[in-house]
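Novice: Kindly generate the corresponding structure for this input.
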Amino acid sequence: MNLPPPPKLNNGSTIFSTPTPHHAEQQDPQDSNPLLPSPSTYESQENILPMEIGPNDTAEVPPFSWKKLLEFLGPGFLMSVAFLDPGNLEGDLQAGAIAGYSLLWLLMWATFMGLVIQLLSLRLGVATGRHLAEICREEYPYWAGLLLWFMAELALIGADIQEVIGSAIAIKILSHGVLPLWAGVLITASDCFIFLFLENYGVRKLEAFFGVLISTMAVSFAWMFFDTKPSGKELIRGLLIPKLSSKTIQKAVGVVGCVITPHNVFLYSALVQSRKIDPKNKGKVQEALNYYTIESSIAVLVSFMINLCVTAVFAKGFYGTSQANSIGLVNAGDYLKQRYGGGLVPILYIWGIGLLAAGQSSTMTGTYAGQFIMGGFLNLQLKKWLRSVITRSCAIVPTIIVAIIFNRSEDSLDVLNEWLNVLQGMQIPFAIIPLLTLVSNEQIMGSFKIGTTLERIVWSIAAMVILINGYVLLHFFISEVNGLLFGILICIGVSAYVAFLMYLISRSGGFLSSSSSWFSRMRSDGFTYLRT
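Specialist: The predicted model follows:
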């Protein structure tokens, strides 16, 4: 019997072709397994694809092991740093000061939505052995790939400016104002390169260093939480009872918009390839997915608790006060000092330490993300240090300019932060839509393609996030855009933006087919009901 040939992919290979696993290409003999390869390791020339089960393969998932779970700890906590960057902390403190405890339920569900998106990113990385930027380069036309890279770089630069400014503010606080913002920016930039050299001594040590930074944030903000004693009753009520008013809707939109960071979606699909997984063994791939799901869920839960502490502290201290509408990341330390005073360890310095840990950890993960985004989309074969210099310069140079210009203007920095949030919000669809398109594609994912029900759920989440960010953009441009010429330019830009967005959606065959089948079934059920 003649069997039909396996389906061809864009690069001419098939889903039954034998891949060469690249998960273990580089290994530090002084470090314990499993290892995180350098960014060049991810850029293998072979298209590693999921395999069907052969006669010698097994689909049986090995039994759960606590020791094995510990080996998978690391990438999820690096991913969770994006939930704790200075931009998120500013959103937390403003939500607490303006809305009190009433938006905690939204913070919880928004964090859950962000986790779902990241679980899809890890699924893509583990099942294919390649990260999102690489697959986008192969699956989309050249011009579309360049546009996706440009959008991802814009989002990364915007996030990086916020992160570096956050670290610079913390350094200014801890130095009693001796070091200005621009000096803090330079220190943060140099520190980032120094910390990245830790990778040469084994990535488990680098992951441990990130663990120390996250622990520093947890201890600092938990200290603030227990020191200020927020209302437990109001906190539980805010978590369990959904409440939204016209006065808090803008902050609610900001809470949701801060959860999904575009560059983090690209980053996590690369980080999860750090452990040695045989993509030919379906059981091993499923085992990795199970352990990564547990690890990332724990990491995101920790990040949620930290965000909750920050929101509760500022809700207790500033909700309903005259300072509520004027508080921001730049002056938050001063307001905390005025409200809570000194103590054994002044709360101003506790806040500064936590903010510094948040800024440093997020700038380092941003550097990693920049390497994967640039290398994946452009297929650049550069030395790691050179690529680090290029990606850091793209963010550090404009950040220094911003720090010098806005060093003495807190209001201007707050306005800048709003513009950066808008910039990142605009890029979210260009990370989510390609991700959902790819994980819904059976040719790419094989048997690890997401099911129809999950596909509808995640597309609903994506649509919700896109609509929320659309509301933010509309509100922002209505309030900020003045002048006929500027308005015309904005309209042209929005038209091009929407056109590219519709193009990406049109390529999402899985979304369109599942939607049409759902509507067809609804019509069929309706006609059946009418006939009966």
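Novice: what about the helices in the stretch 201-350 of the chain?
Specialist: With DSSP state H, counting those that start in this stretch as the criterion, the stretch 201-350 of the chain has helices at 203-228, 232-240, 249-259, 262-271, 282-318, 332-340, 347-378.
Novice: residues contacting H131?
Specialist: By C-beta atoms under 8 Å, 6 or more residues apart in numbering, the contact list for H131 reads 42, 124-125, 266, 269-270, 273, 372, 376. From N, CA and C alone the C-beta is placed, and that goes for glycine too.
Novice: mind running it again at 7 Å?
Specialist: Contact partners of H131, counting by C-beta atoms under 7 Å, 6 or more residues apart in numbering, are 42, 125, 266, 269-270, 273, 372, 376.
Novice: what does M151 give?
Specialist: Shown in contact with M151 (C-beta under 7 Å, 6+ apart): 427, 430.
Novice: Flag the shaky bits of the stretch 201-350 of the chain, pLDDT-wise.
Specialist: Scanning the stretch 201-350 of the chain for pLDDT under 70 picks out 342-344.
Novice: can we see that at 90?
Specialist: Where the stretch 201-350 of the chain drops to pLDDT under 90, the residues are 201-211, 227-229, 231-232, 241-262, 272-285, 317, 320-348.
Novice: Only whichever of the contacts of H131 are buried, select them in ChimeraX.
Specialist: Remark: buried members of these, expressed as a ChimeraX selection using 16 or more other C-beta atoms under 10 Å:
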select :42,125,266,269,270,273,372,376
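Novice: To V178, which of the helices of the stretch 201-350 of the chain lies closest?
Specialist: helix 347-378 (13.2 Å; C-beta to C-beta).
Novice: and after that closest one, which helix or strand comes next?
Specialist: With elements assigned by DSSP states H and E, the helix or strand that comes after helix 347-378 is helix 384-405.
Novice: could you dump the next helix-or-strand element following that following helix to PDB, C-alpha only?
Specialist: Of the helices and strands lying after helix 384-405 in sequence (DSSP H and E), the nearest is helix 410-427. Provided in PDB are the C-alpha atoms of helix 410-427 (Å, rounded to 0.1, in the frame of the first residue of the first chain):
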ATOM      1  CA  GLU A 410       9.100  64.200  38.300                       C
ATOM      2  CA  ASP A 411       6.000  65.100  36.400                       C
ATOM      3  CA  SER A 412       7.800  64.700  33.000                       C
ATOM      4  CA  LEU A 413       9.000  61.300  34.000                       C
ATOM      5  CA  ASP A 414       5.500  60.200  34.900                       C
ATOM      6  CA  VAL A 415       4.300  61.400  31.400                       C
ATOM      7  CA  LEU A 416       7.200  59.600  29.800                       C
ATOM      8  CA  ASN A 417       6.200  56.400  31.700                       C
ATOM      9  CA  GLU A 418       2.700  56.700  30.300                       C
ATOM     10  CA  TRP A 419       4.000  57.000  26.800                       C
ATOM     11  CA  LEU A 420       6.300  53.900  27.300                       C
ATOM     12  CA  ASN A 421       3.300  52.000  28.600                       C
ATOM     13  CA  VAL A 422       1.400  52.900  25.500                       C
ATOM     14  CA  LEU A 423       4.300  51.900  23.300                       C
ATOM     15  CA  GLN A 424       4.500  48.500  24.900                       C
ATOM     16  CA  GLY A 425       0.800  48.000  24.800                       C
ATOM     17  CA  MET A 426       0.800  48.600  21.100                       C
ATOM     18  CA  GLN A 427       3.300  45.800  20.600                       C
END
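Novice: Tell me the buried residues in helix 410-427?
Specialist: In terms of neighbour count (16+ other C-beta under 10 Å), helix 410-427 has its buried residues at 413-414, 416-418, 420-427.
Novice: so that helix versus helix 332-340, what angle?
Specialist: With axes from the mean of the first three to the mean of the last three C-alpha atoms, to 10 degrees as the basis, helix 410-427 and helix 332-340 are set at 120 degrees to each other.
Novice: Contacts for helix 410-427, please.
Specialist: Against helix 410-427 from outside (C-beta under 7 Å, 6+ apart): 87, 90, 151-152, 154-155, 158-159, 161-162, 257, 261-262, 328-331, 402, 406, 469, 472-473, 476.
Novice: ok, L156 - contacts?
Specialist: Residues in contact with L156 (C-beta under 7 Å, 6+ apart) are 263, 366, 369-370, 373.
Novice: Out of the residues you listed, give me the two with the largest separation.
Specialist: G366 and I373 (10.1 Å).
Novice: Find the residues that touch each one of these two.
Specialist: Here G366 and I373 have 156, 263 as joint contacts, going by C-beta under 7 Å, 6+ apart.
Novice: Can you tell me, leaving aside adjacent residues, what's nearest to A133?
Specialist: Leaving aside its sequence neighbours, A133 sits nearest to G376 (C-beta to C-beta, 6 or more residues apart in numbering; 2.6 Å).
Novice: and the gap between that neighbour and C394?
Specialist: G376 sits 16 Å away from C394, going by C-beta to C-beta, to the nearest Å.
Novice: can you check I400 too?
Specialist: 12 Å.
Novice: about what we covered before: now intersect the contacts of helix 410-427 with the strands, please.
Specialist: Among the contacts of helix 410-427, DSSP state E puts none in strands.
Novice: show me the contacts for F221.
Specialist: Taking C-beta under 7 Å, 6+ apart, we find F221 in contact with 306, 309-310, 354.
Novice: Surely G487 forms part of a helix?
Specialist: Yes: applying DSSP: H, G, I helix; E, B strand; the rest coil, one finds G487 inside a helix.
Novice: contacts for stretch 470-478?
Specialist: Outside stretch 470-478, the residues that touch it by C-beta under 7 Å, 6+ apart are 250, 253, 257, 418, 422, 425-426, 490.
Novice: Which of these sits closest to T188?
Specialist: Nearest to T188 among the contacts of stretch 470-478 is E418, at 21.8 Å by C-beta to C-beta.
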